[in-house]
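Colleague: what's the 3D shape of this:
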Amino acid sequence: MQLLRMNDHGRGSARRAQIIVPFVWMMSGLLSACALFVTEECPPRCMNVNLAQKDLRGIKYAGANLTEANLRKADLVDADLKGADLTGAILFEADLQGAQLQGAILIAADLRKSDLGGANLEKANLTGANLAGANLTNANFALATLTNANMENALMNGLDLSGMFFESAQLTGAKLSAANLVGSYLPGNSLSDADLSGALLMRSNLAGSWLNLANLTGANLRGANLSGASLYGANLAGVNLKSADLRGANLVGAKLNGADLRGANLGGAVLLYTEPFDLGEAGRDPKIRELNAARRAPLNKDADLKGVHYDKETRWPDGFSIPPEAILGD
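Modeller: As a prediction, the model looks like this:
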């Protein structure tokens, strides 16, 4: 009987162990997971921390040092990251909708395909950040630094970017329909194949920029500086170019039908296609280089000036014959 009781006791202990041990393991796992989020040092010191695919919705990490942290595909909706240092951080496909990133340092951060819809990036430093394919709809970029930022194919329709400095930024294929770029600084940038339809670009500086194949229909470029810009095959139908500087601009294959050129300066601009045709530096544009001869053939033609409006203040290239379909007005 004593042996039986001992065996019963042993079996009871084993059963309790079967329950207790998994419970301990489960609790240990939960504590380990929590340690990722809050430790004695993190925040504020979270350098190189791995938070990939973690649920960090609404987390309070203001001022934290998240240098080179892995936040790939992390849920950071409504997160407080004001003043945080995210230099070199991986935020690929991260959800940052509504995140507070005022004054955050995002130098060289990987934000490709991230969702920053409605995020506040006021005074944030995005120098060299990669925002290719990111959703930036309704984001606040007031006084943000975007030098050398890659915003290729980024979604920025209707965004207020007035007065912004985009020095050496990459905006190829960017979606900027109805965006406010009044007084913005974009010289020498690539905006080829970008959608700028209906955009406000008054007094903007686009000198020497690539706007090849760009869609600018209905945009307002009054007083803009487009000197030396390449607009090969661009769509400028109905564009307001009053008093714009187009000196030396390449407009071969561009559609300018219905554009307003009153007071515009087209001195030295290239409006006619001639063989051999040389795009100069713009010939290095990847969007042009990817076009084969068959796709370039329809673009190799004179600029379409049907219905353009001009006046006595409009300056044409030397020796250029104003087409009869152009409309002289006041």
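
Colleague: how much space between residue 171 and residue 208?
Modeller: For residue 171, the distance to residue 208 (Cβ to Cβ, to the nearest Å) stands at 14 Å. Glycine gets a C-beta too; all of them are placed from N, C-alpha and C.

Colleague: compare the two (neighbour count), which wins?
Modeller: Between residue 171 and residue 208, residue 171 has the larger neighbour count (other Cβ atoms under 10 Å), namely 29 against 19.

Colleague: tell me where the model's unsure across the chain.
Modeller: Residues of the chain meeting the criterion pLDDT under 70: 1-40.

Colleague: which residues in it form strands?
Modeller: With strands called from DSSP state E, the chain shows them at 309-310, 327-328.

Colleague: so which of those gets nearest residue 256?
Modeller: Closest approach to residue 256 among those is made by strand 309-310 (10.3 Å; Cβ to Cβ).

Colleague: which elements pack onto the closest one?
Modeller: When contacts are defined as 3 or more Cβ pairs under 8 Å, 6 or more residues apart in numbering; DSSP states H and E, strand 309-310 sits against strand 327-328.

Colleague: show me the contact partners of the strand it packs on.
Modeller: The contact list for strand 327-328, computed with Cβ atoms under 8 Å, 6 or more residues apart in numbering, reads 307, 308, 309, 310, 311.

Colleague: which strands border that strand, and is each parallel or antiparallel?
Modeller: Using DSSP bridges, strand 327-328 pairs in its sheet with strand 309-310 (parallel).

Colleague: chain center to the strand it pairs with: distance?
Modeller: Centroid displacement of strand 309-310 relative to its chain, using Cα atoms, centre = their mean, to the nearest Å, is 34 Å.

Colleague: and for that strand, what's in contact with it?
Modeller: Contacts to strand 309-310, defined as Cβ under 8 Å, 6+ apart, come from residues 258, 259, 260, 261, 262, 264, 322, 326, 327, 328, 329.

Colleague: ok, residue 187 - contacts?
Modeller: Going by Cβ under 8 Å, 6+ apart, residue 187 touches 167, 205, 206, 207, 208, 209, 225.

Colleague: quick check: phi and psi at it.
Modeller: Per-residue torsions, residue 187: phi -70, psi 140 (degrees, to the nearest 10).

Colleague: ok, residue 202 touching residue 219?
Modeller: No. Using Cβ atoms under 8 Å, residue 202 makes no contact with residue 219, being 9.6 Å away.

Colleague: who has more neighbours, these two?
Modeller: Legend: neighbour count by other Cβ under 10 Å for residue 202 and residue 219, higher for residue 219 (29 against 21).

Colleague: ok, the more buried one to residue 47 distance?
Modeller: 44 Å.

Colleague: I'd guessed residue 156 sits against residue 179; true?
Modeller: Yes. Counting by Cβ under 8 Å, residue 179 is a contact partner of residue 156 at 5.7 Å.

Colleague: returning to that earlier point: any of the contacts of strand 327-328 buried? List them.
Modeller: Among the contacts of strand 327-328, those classed as buried by 16 or more other Cβ atoms under 10 Å are 308, 309, 310.

Colleague: make CSV out of these and add distance to residue 61.
Modeller: As requested, those are exported to CSV (distance: Cβ to Cβ, whole Å):
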residue, distance to residue 61
308, 54
309, 55
310, 57
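
Colleague: which ones are touching the closest residue to residue 165 other than its chain neighbours?
Modeller: Nearest residue to residue 165 in three dimensions, chain neighbours excluded: residue 185, at 4.5 Å (Cβ to Cβ, 6 or more residues apart in numbering). Residues counted as contacts of residue 185 (Cβ under 8 Å, 6+ apart) are 164, 165, 166, 167, 204, 205.

Colleague: and the fifth one, how many residues sit next to it?
Modeller: By the criterion of other Cβ under 10 Å, residue 204 has 29 neighbours.

Colleague: which ones are touching it?
Modeller: Residue 204 is in contact with 181, 182, 183, 184, 185, 186, 221, 224, 225, counting by Cβ under 8 Å, 6+ apart.

Colleague: can you redo these as CSV with distance to residue 89?
Modeller: Putting these into CSV (distance: Cβ to Cβ, whole Å) gives the following:
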residue, distance to residue 89
181, 28
182, 32
183, 31
184, 27
185, 27
186, 27
221, 37
224, 36
225, 36
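
Colleague: all helices for the stretch 151-300 of the chain, in order.
Modeller: Secondary structure of the stretch 151-300 of the chain by DSSP state H, counting those that start in this stretch: the helices cover 286-289, 293-296.

Colleague: of all the ones you listed, which lies closest to residue 111?
Modeller: Closest approach to residue 111 among those (Cβ to Cβ): helix 286-289, 21.2 Å.
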